[in-house]
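Asker: Pasting the sequence and the predicted coordinates here, then a few questions.
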Amino acid sequence: MSTSPVQSADLMLILPELVLAGFAILIMVTDPFLRPSRRKWLGIVALVGTGAAAAATVLMAGQTGTAFGGMILGDAFSVYFRFLLLAIAALTLLSSLGYVEREGFPPGEFYALILFGTVGMGLMVASAELIVVFLGLEMSSISTYILAGYRRQDSLSNEASLKYFLLGSFATAFFLYGIAFVYGLTGTTNLTILADRLQTPLGATRLALVAMILMFVGLAFKVSCVPFQVWTPDVYEGAPTPVTAFLSAGPKAAAFAVFLRIALAVFEPTGETGFWILWISAALTMTFGNFAALVQTNIKRLLAYSSIAHAGYILVGFASGTPEGRAAVMFYLVAYSLMNLGAFAVVAHLAGKGDRWVRLEDFTGLSRERPALAACLAIFMLSLTGIPLTAGFFGKFYLFSAAVNSGLIGLTILGMLNSAVSVYYYLRVVVMMYMREGPRPAPTESIPWALGAALALSVLGTLYLGILPGWFLSKTVAAIPLP
């Protein structure tokens, strides 16, 4: 590792994270000096921060190479995921502005934690060094642990935070232990060097398999793969709904991005064992998630099990082991983020103060009372199902096509059967809104401008990727990581 002084070129490759961290610190420093009536503007400051970070990402998009002695990698892949993570953060902030004010949350810490969590995820996707991946993972995790328990007087929120913290700490320990095995075996934790050293006979040992499995456990927890998904329903239910939206999209996208880099360095050299781990995990994850969602009566828990199932679909793309499969994974993460964030944004608004109205019966007759919100939620449910003309359809199509082209016929059939199962519980929500009589048990407030903007962007993105996916897919293909 180089010990040369930090250069301006090094800072350029982490400029988006520096901008986000600067805005997060600005929010925390100014918050105590503002009158309570003015603190709501801190959310706008956070939104400006995501926009500034996006501009910084555009500036660094032409920069390639490495920084900080090879620890940070500047390439199209990291730019792609930085834009995705910033979009997730911006949509979360937009859907949170009215929610934070309604719930009476301290706004400064809330918005700063969203930004700090995004900084950690950005470091994860730009890292070429396992130690930096770990540091980014910890920064992201600590922020989300706090956010999950942000409703401090609610026992469910406290339970969500404690479960997420305890189980997340165990999973992080597995990941770190895997890094230790990798270093002991190869003498490096740099992914570029690691890929070469694991190709040698020394690398093809049982210790390499142990390291692979340990790191897989750490990342599988973050993306809610079976059997490491036990935290997901309780945490999603207990956390404030905008936080649940952030958890369902941000950490999952960052962890899968790291998975893509590590899979090329660690999983491929281990050959058939790595393939079967991915195959079995994909099959179990999507099957468990879909069948568990069938019996849910709480929409946040239903979407939690749905999130587990979608992690299984994404693993199908990993199991294919081809550039086509990697491109499908990256496209699907964007589609999934848009439709999931949109669905949770609607739920956050309709749930009322304290997230009280989250049972499926609470959505009865919504189309007659709030037709616009019902239409938005219906679009997101149909996209999650995989209905044509939505992002979810092309996302699954690309994943299953990659699997078929790799000869994974059995896994593809299982994925399609699971998609058929999911139709029941997604359309159940639509049926409640459009085909059942009865008013909602609580009055609904008018839609804040920020929430309206978040829903409009999510709907437009979901439909655009479902109708005209060609241009975006070409950008995705250009950004896939290569061995």
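Answerer: Everything's here; your move.
Asker: contacts, neighbours, all on C-alpha from now
Answerer: Will do.
Asker: Show me what the helix or strand hosting residue 253 is packed up against.
Answerer: Assessed by DSSP states H and E, residue 253 sits inside helix 241-262. The contact analysis (3 or more Cα pairs under 8 Å, 6 or more residues apart in numbering; DSSP states H and E) places helix 241-262 against helix 76-103, helix 107-126, helix 130-148, helix 206-223, helix 232-238, helix 299-320, helix 323-350.
Asker: how about 6 Å then?
Answerer: In terms of contacts (3 or more Cα pairs under 6 Å, 6 or more residues apart in numbering; DSSP states H and E), helix 241-262 is packed against helix 107-126, helix 323-350.
Asker: can you put those in TSV and add mean pLDDT?
Answerer: Shown next, in TSV, are these (pLDDT from 0 to 100):
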stretch	mean pLDDT
helix 107-126	94
helix 323-350	94
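Asker: can you put these in CSV and add distance to residue 397?
Answerer: Converted to CSV, these look like this (distance: least, Cα to Cα, whole Å):
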stretch, distance to residue 397
helix 107-126, 25
helix 323-350, 9
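Asker: right, and the ones you listed - which one's nearest residue 419?
Answerer: Set against residue 419 and scored by Cα to Cα, the helices and strands packed on helix 241-262 come closest in helix 323-350, at 14.2 Å.
Asker: Let me see the residues that make contact with whatever helix or strand comes next after the closest one.
Answerer: Downstream of helix 323-350, the first helix or strand assigned by DSSP H and E is helix 366-369. Under the contact criterion Cα atoms under 6 Å, 6 or more residues apart in numbering, helix 366-369 has outside partners 374, 433-434.
Asker: quick one: which of these is most hemmed in?
Answerer: With neighbours defined as other Cα atoms under 10 Å, the most crowded of the contacts of helix 366-369 is residue 433; it has 28 neighbours.
Asker: So for it, what's the pLDDT?
Answerer: pLDDT, residue 433: 91.
Asker: Which of the helices or strands spans it?
Answerer: Using DSSP H and E, residue 433 falls in helix 409-434.
Asker: Show me what that helix is packed against.
Answerer: Going by 3+ Cα pairs under 6 Å, 6+ apart, helix 409-434 lies up against helix 366-369, helix 371-385.
Asker: where's that helix relative to the chain centroid, distance-wise?
Answerer: 21 Å (Cα atoms, centre = their mean, to the nearest Å).
Asker: now swap in stretch 469-480 and tell me
Answerer: Stretch 469-480 has its C-alpha centroid displaced from the chain centroid by 19 Å (Cα atoms, centre = their mean).
Asker: Now that stretch: buried residues?
Answerer: For stretch 469-480, the neighbour count (16 or more other Cα atoms under 10 Å) marks 469, 473, 476-477, 479-480 as buried.
Asker: thinking again about what came up before, relative to helix 107-126, how tilted is the helix holding residue 253?
Answerer: 20 degrees (axes from the mean of the first three to the mean of the last three Cα atoms, to 10 degrees).
Asker: for the record, mean pLDDT for helix 241-262?
Answerer: Mean predicted confidence for helix 241-262 is 92.
Asker: in that helix, what's buried?
Answerer: Within helix 241-262, judged by 16+ other Cα under 10 Å, the buried ones are 241-262.
Asker: still on that earlier bit, out of the helices and strands packed on helix 409-434, nearest to residue 16?
Answerer: Closest among those, using Cα to Cα: helix 371-385, at 29.8 Å.
Asker: What is the closest one packed up against?
Answerer: By 3+ Cα pairs under 6 Å, 6+ apart, helix 371-385 packs against helix 323-350, helix 409-434.
Asker: need those helices in CSV with distance to residue 308, can you?
Answerer: CSV is the format used below for the helices and strands packed on helix 371-385 (distance: least, Cα to Cα, whole Å):
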stretch, distance to residue 308
helix 323-350, 12
helix 409-434, 12
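Asker: Pick the most buried one from those helices.
Answerer: Counting by mean count of other Cα atoms under 10 Å, helix 323-350 has the highest mean neighbour count of those, with a mean of 26.
Asker: helices or strands up against that helix?
Answerer: helix 241-262, helix 299-320, helix 371-385, helix 391-405, helix 449-467.
Asker: repeat that for 10 Å
Answerer: helix 76-103, helix 241-262, helix 299-320, helix 371-385, helix 391-405, helix 449-467, helix 470-479 (3 or more Cα pairs under 10 Å, 6 or more residues apart in numbering; DSSP states H and E).
Asker: List the buried residues in the fourth one.
Answerer: Just to be clear, that refers to helix 371-385. 373-385.
Asker: I'd like those written out as JSON lines, with distance to residue 422 and pLDDT added.
Answerer: Formatted as JSON lines, these follow (distance: Cα to Cα, whole Å; pLDDT from 0 to 100):
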{"residue": "373", "distance to residue 422": "22", "pLDDT": "92"}
{"residue": "374", "distance to residue 422": "19", "pLDDT": "92"}
{"residue": "375", "distance to residue 422": "19", "pLDDT": "95"}
{"residue": "376", "distance to residue 422": "19", "pLDDT": "95"}
{"residue": "377", "distance to residue 422": "16", "pLDDT": "95"}
{"residue": "378", "distance to residue 422": "14", "pLDDT": "95"}
{"residue": "379", "distance to residue 422": "15", "pLDDT": "96"}
{"residue": "380", "distance to residue 422": "13", "pLDDT": "96"}
{"residue": "381", "distance to residue 422": "10", "pLDDT": "96"}
{"residue": "382", "distance to residue 422": "10", "pLDDT": "96"}
{"residue": "383", "distance to residue 422": "11", "pLDDT": "95"}
{"residue": "384", "distance to residue 422": "9", "pLDDT": "95"}
{"residue": "385", "distance to residue 422": "6", "pLDDT": "93"}
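Asker: quick one, which of the helices and strands packed on helix 371-385 is nearest to residue 295?
Answerer: Of all those, helix 409-434 comes closest under Cα to Cα, at 8.3 Å.
Asker: could you give the angle of the closest one to helix 391-405?
Answerer: Going by the same axes, to 10 degrees, helix 409-434 makes 170 degrees with helix 391-405.
Asker: Could you tell me the angle between helix 409-434 and helix 371-385?
Answerer: Going by the same axes, to 10 degrees, helix 409-434 makes 170 degrees with helix 371-385.
Asker: Which helix runs longest in this protein?
Answerer: helix 155-186 (DSSP state H).
Asker: Output the helix or strand just after that helix in CSV with nothing but the alpha carbons.
Answerer: Using DSSP H and E, the helix or strand that follows helix 155-186 towards the C-terminus is helix 191-197. Below are the C-alpha coordinates for helix 191-197, written out as CSV (Å, rounded to 0.1, in the frame of the first residue of the first chain):
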residue,chain,number,x,y,z
LEU,A,191,-9.7,-7.0,-4.6
THR,A,192,-7.7,-6.5,-7.8
ILE,A,193,-4.7,-8.3,-6.4
LEU,A,194,-6.9,-10.8,-4.6
ALA,A,195,-8.5,-12.0,-7.8
ASP,A,196,-5.1,-12.9,-9.2
ARG,A,197,-3.8,-14.7,-6.1
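Asker: Okay, buried residues for helix 191-197 please.
Answerer: Quick answer for helix 191-197 (16+ other Cα under 10 Å): 191-192, 194-195, 197.
Asker: What of stretch 150-161?
Answerer: 150-151, 156-161.
Asker: could you redo these as JSON lines and give each row distance to residue 102 and pLDDT?
Answerer: Formatted as JSON lines, those follow (distance: Cα to Cα, whole Å; pLDDT from 0 to 100):
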{"residue": "150", "distance to residue 102": "14", "pLDDT": "89"}
{"residue": "151", "distance to residue 102": "12", "pLDDT": "86"}
{"residue": "156", "distance to residue 102": "19", "pLDDT": "86"}
{"residue": "157", "distance to residue 102": "17", "pLDDT": "87"}
{"residue": "158", "distance to residue 102": "20", "pLDDT": "89"}
{"residue": "159", "distance to residue 102": "22", "pLDDT": "89"}
{"residue": "160", "distance to residue 102": "21", "pLDDT": "88"}
{"residue": "161", "distance to residue 102": "21", "pLDDT": "90"}
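Asker: Good, we can wrap up now.
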